[in-house]
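>>> here is my input, please return the structure:
(one chain, ligands or ions: 1)
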Amino acid sequence: MCGIVGYIGNKEAYPILISGLYRLEYRGYDSAGIAIVNSKTNIYKTQGKVSDLENFASGKDIKGTIGIGHTRWATHGEPNNVNAHPHKSMNGHFVIIHNGIIENYARLKKRLENRGYIFESETDTEVLVNLIEHIYLIGQVSAEVAVRLALTKVVGAFGILVICKDENNQIIAARKGSPLVIGVGKGEYFFASDASPIIEHTSSVIYLNDNDMAVVTKDSLSLKTINNDFLEPKIQTIDIELGEIEKGGYDHFMLKEIFEQPRSINDTFRGRISLDKKQLQLGGLFNIIPKLVEARRIIIIGCGTSWHAGLVGEYLFEELARIPVEVEYASEFRYRNPVIYKDDVVIAISQSGETADTLAAIKLAKENEALVLGICNVVGSSIPRETDGGVYTHAGPEIGVASTKAFTAQVTVLTMMAIILGQKRNTITQEKYEYLIKALTEIPDKIEQILSYNDMFKIIAETYKNSEHFLYLGRGLQFPVALEGALKLKEISYIHAEGYPAAEMKHGPIALIDENMPVVVIATKDKSYEKIVSNIQEIKARKGIVIAIVTKGDTIIKNIANYTIEIPEVYEELSPLLTVIPLQILSYHIAVLRGCNVDQPRNLAKSVTVE
Ligand code: G6P
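Okay, here's the model as predicted:
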């Protein structure tokens with residue numbers, strides 16, 4: 001939540017900050033602002049998107065080679081011009097941008113008010129900047145010391161960039177709980193919440209760890225902990241191409257990411273599958289496999305779409321490897337004193353690798369001495385660094401707020417893990433092991449076939465775009481896909497949608513069905529095929545509208561449903577990788593036809609770094 005950028009060097013900061021903010025807009029987009037240092041520090045901020053900020057700043061004094069910028073997802077205080085960042089301290093010594101939440105802000109605010117501080121905004125961030133200033137003035141210390149001491153007094157999460165009027169040749173950066181990356185150029189440094197604004201300038205980066213603080217001038221960087229211990233900066237090279245974070249001719253990032261899936265899934269298993277050797281290997285689990293094989297239980301944690309991928313994982317691990325699995329919302333798990341055994345393996349799934357609840361759940365699992373693994377997309381993010389091992393999904397940057405290619409990449413990794421464990425635990429035959437590996441490599445082509453029906457999805461979307469509710473039904477492995485389909489639709493089109501296990505329909509949702517209710521049923525040929533045909537009959541008997549996802553060549557459902565969408569034949573365990581695709585495309589077209597902002601749906605953010 002919230003994106004932050006910064007620049008210090010010899011170039012004009014404004015264009016670098018603005019283009020960086022556009023890249024980070026997926027993290028929040030209810031208001032935006034910048035501060036640029038020249039003879040004084042000019043601050044421009046406004047409610048709305050980065051484009052509104054650009055309009056607002058147009059014609060104003062934006063010259064300067066040092067600056068910071070922010071795009072906000074409101075936590076404390078509604079989105080408006082005053083609550084937008086940057087925030088200035090009352091006496092004007094400091095300017096700050098902040099991603100995160102200061103949890104003890106109310107107490108700190110009271111103390112500062114008692115000392116005469118007056119606040120303009122409702123934000124926790126303004127409390128922090130005034131706390132820094134208060135320490136700076138009372139303690140007669142340097143800006144660096146004031147920031148450091150203030151950070152020892154706050155509880156919560158922060159990624160911050162701070163400029164001090166009296167030492168205006170530097171930017172101070174610090175993080176705890178919220179991500180922050182520093183790009184290292186020649187005589188210049190770039191700051192951002194993730195690497196996407198940096199890669200067009202440099203591929204050398206330093207990922208700050210929790211409690212790290214950097215003091216940066218255009219020619220120097222010094223790294224310390226908030227407790228004042230010196231650290232050696234670790235410069236890493238990132239290999240993201242600029243094209244990967246641009247729309248590449250598509251109308252929206254979401255559409256691009258849906259259509260990228262044949263490639264992104266290939267990238268997920270690249271180097272991990274050897275067809276000649278009939279082998280599957282996951283480097284990140286190499287040393288951990290023995291413990292995983294012996295696991296008493298697997299607990300999968302995640303949020304949103306990642307949680308849905310976890311539900312698919314539950315089915316796969318139980319079916320192929322016969323290991324009991326529990327899937328938990330990270331936010332529930334962390335607060336309910338769960339029973340965790342030392343021989344449990346906890347798998348945290350996260351696209352961003354930064355979700356606050358998932359990170360907290362990981363900490364809890366580690367405290368209980370469970371082995372903790374991560375399945376993440378963003379390389380170098382916090383979760384891979386907090387876990388004992390894991391697997392990157394390598395789906396490439398996902399910018400659309402509604403997750404698509406990250407989901408299929410997560411399911412691909414879970415499938416690979418389940419196949420490996422099945423073989424090692426002798427719960428699948430060698431023949432099945434080899435067959436599954438081969439079948440997995442055929443998935444990208446099969447997705448390509450589904451994508452070629454794009455025009456048909458548009459017709460269905462046109463027909464039902466004004467519906468007020470949708471129901472999504474699936475059984476077994478298709479139940480999590482139904483949940484994911486419903487989530488996609490509600491996220492981007494604001495149509496109320498619910499996913500249900502098909503057999504549960506009789507226990508409530510059937511009461512909703514009438515001639516205005518489209519029901520999307522995932523009815524592929526698998527072991528519950530006959531049962532789901534009966535469910536479709538039950539819907540039709542109540543005049544419901546059925547849009548069915550069926551296996552190619554199905555004639556039975558074609559005769560009953562209003563629309564059928566065919567997917568190629570596929571091994572049952574791999575079918576979620578195909579059945580989810582029509583649901584993604586359908587929601588995309590419905591949202592576009594309803595005039596919604598597909599890539600930046602209201603109230604949402606891609607990366608939820610607050611609990
Ligand atoms: C947000 C995003 C979702 C995502 C969820 C979990 O709600 O909008 O698309 O599934 O966070 O994020 P993670 O990065 O942990 O997968």
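>>> give the buried residues for stretch 36-49.
Residues of stretch 36-49 classed as buried: 36-37, 41-49 (neighbour count, 16 or more other Cβ atoms under 10 Å). Where C-beta positions appear, they are placed from N, C-alpha and C, glycine not excepted.
>>> longest helix of this structure?
Longest among the helix segments of the chain by residue count, using DSSP state H, is helix 405-424.
>>> so does that helix get close to the ligand?
No - Helix 405-424 is not in contact with the ligand by Cβ under 6 Å from any ligand atom; minimum separation 6.5 Å.
>>> ok, the buried residues of stretch 36-49 vs the ligand, which is closest?
Distance ranking of the buried residues of stretch 36-49 against the ligand, using Cβ to the nearest ligand atom, places residue 49 first at 17.3 Å.
>>> and that closest one, what does it touch?
Contacts for residue 49 were tallied using Cβ atoms under 8 Å, 6 or more residues apart in numbering; they are 25, 29, 32, 71, 600.
>>> among these, which are in helices?
Among the contacts of residue 49, no member falls in helices (DSSP H).
>>> can I get the residues you listed in JSON lines with pLDDT and distance to the ligand?
Output for these, formatted as JSON lines (pLDDT from 0 to 100; distance: Cβ to the nearest ligand atom, whole Å):
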{"residue": "25", "pLDDT": "89", "distance to the ligand": "13"}
{"residue": "29", "pLDDT": "86", "distance to the ligand": "12"}
{"residue": "32", "pLDDT": "96", "distance to the ligand": "19"}
{"residue": "71", "pLDDT": "95", "distance to the ligand": "15"}
{"residue": "600", "pLDDT": "88", "distance to the ligand": "11"}
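>>> most widely separated two among those residues?
Largest separation among those by Cβ to Cβ: 32 and 600, giving 12.3 Å.
>>> look at these two and report which has more neighbours.
Ranked by neighbour count (other Cβ atoms under 10 Å), residue 32 and residue 600 place residue 32 first, with 33 against 22.
>>> what's across from that one in the sheet?
Beta bridges link residue 32 to residue 46, residue 71, judged by DSSP bridges.
>>> re earlier: inside strands: which ones of the buried residues of stretch 36-49?
Using DSSP state E, the subset of the buried residues of stretch 36-49 located in strands is 36-37, 41-47.
>>> name the residue of the stretch 51-200 of the chain that lies nearest to the ligand.
Closest point on the stretch 51-200 of the chain to the ligand, by Cβ to the nearest ligand atom, is residue 73, at 10.5 Å.
>>> excluding its backbone neighbours, what's nearest that residue?
Nearest residue to residue 73, sequence neighbours excluded (Cβ to Cβ, 6 or more residues apart in numbering): residue 28, at 2.8 Å.
>>> how about the contacts made by the one you found?
If you count contacts by Cβ under 8 Å, 6+ apart, residue 28 has them with 1-3, 71-74, 605.
>>> could you dump those residues into JSON lines and include secondary structure, distance to residue 588 and neighbour count?
Formatted as JSON lines, these follow (DSSP: H, G, I helix; E, B strand; the rest coil; distance: Cβ to Cβ, whole Å; neighbours: other Cβ atoms under 10 Å):
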{"residue": "1", "secondary structure": "coil", "distance to residue 588": "24", "neighbour count": "24"}
{"residue": "2", "secondary structure": "coil", "distance to residue 588": "26", "neighbour count": "30"}
{"residue": "3", "secondary structure": "strand", "distance to residue 588": "24", "neighbour count": "33"}
{"residue": "71", "secondary structure": "strand", "distance to residue 588": "24", "neighbour count": "32"}
{"residue": "72", "secondary structure": "strand", "distance to residue 588": "26", "neighbour count": "29"}
{"residue": "73", "secondary structure": "coil", "distance to residue 588": "22", "neighbour count": "23"}
{"residue": "74", "secondary structure": "coil", "distance to residue 588": "26", "neighbour count": "20"}
{"residue": "605", "secondary structure": "coil", "distance to residue 588": "19", "neighbour count": "24"}
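>>> pull the most distant pair out of the residues you listed.
3 and 74 (13.3 Å).
>>> identify the residues contacting the residue nearest to residue 88 when sequence neighbours are not counted.
Once flanking residues are discounted, residue 88 sits nearest to residue 95: 5.1 Å by Cβ to Cβ, 6+ apart. Residues near residue 95 by Cβ under 8 Å, 6+ apart: 35, 41, 43, 68, 86-89, 129, 162-163, 165.
>>> kindly confirm my reading that residue 95 is in a helix.
No - under DSSP: H, G, I helix; E, B strand; the rest coil, residue 95 sits outside any helix and is assigned strand.
>>> roughly how far does it sit from residue 60?
When distance is defined by Cβ to Cβ, to the nearest Å, residue 95 is 16 Å away from residue 60.
>>> what does residue 328 give?
Note on residue 328: its distance to residue 60, by Cβ to Cβ, is 49 Å.
>>> distance from the centroid: which residue in this protein tops it?
Centroid-distance maximum for the chain: residue 140 at 41.8 Å, with Cα atoms, centre = their mean.
>>> so residue 338 sits right up against residue 328, yeah?
Yes - between residue 338 and residue 328 a contact is recorded at 7.3 Å, counting by Cβ atoms under 8 Å.
>>> list residues touching both of these two?
residue 299.
>>> hmm, who's touching the one helix or strand residue 55 maps to?
Element membership for residue 55, per DSSP states H and E: helix 50-57. The contact list for helix 50-57 (Cβ under 8 Å, 6+ apart) reads 14, 18, 21-22, 25, 29, 32-34, 44-46, 71.
>>> could I get the residues you listed as JSON lines with distance to residue 254?
Output for those, formatted as JSON lines (distance: Cβ to Cβ, whole Å):
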{"residue": "14", "distance to residue 254": "29"}
{"residue": "18", "distance to residue 254": "23"}
{"residue": "21", "distance to residue 254": "20"}
{"residue": "22", "distance to residue 254": "16"}
{"residue": "25", "distance to residue 254": "14"}
{"residue": "29", "distance to residue 254": "15"}
{"residue": "32", "distance to residue 254": "21"}
{"residue": "33", "distance to residue 254": "27"}
{"residue": "34", "distance to residue 254": "27"}
{"residue": "44", "distance to residue 254": "30"}
{"residue": "45", "distance to residue 254": "28"}
{"residue": "46", "distance to residue 254": "26"}
{"residue": "71", "distance to residue 254": "19"}
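>>> one step back: any of the contacts of residue 95 buried? List them.
Neighbour counting with 16+ other Cβ under 10 Å marks 35, 41, 43, 68, 86-89, 129, 162-163, 165 as buried within these.
>>> so who does the single nearest residue of the stretch 401-550 of the chain relative to the ligand touch?
In the stretch 401-550 of the chain, the residue that lies nearest the ligand is residue 403 (3.8 Å; Cβ to the nearest ligand atom). Residue 403 makes contact with 304-306, 351, according to Cβ under 8 Å, 6+ apart.
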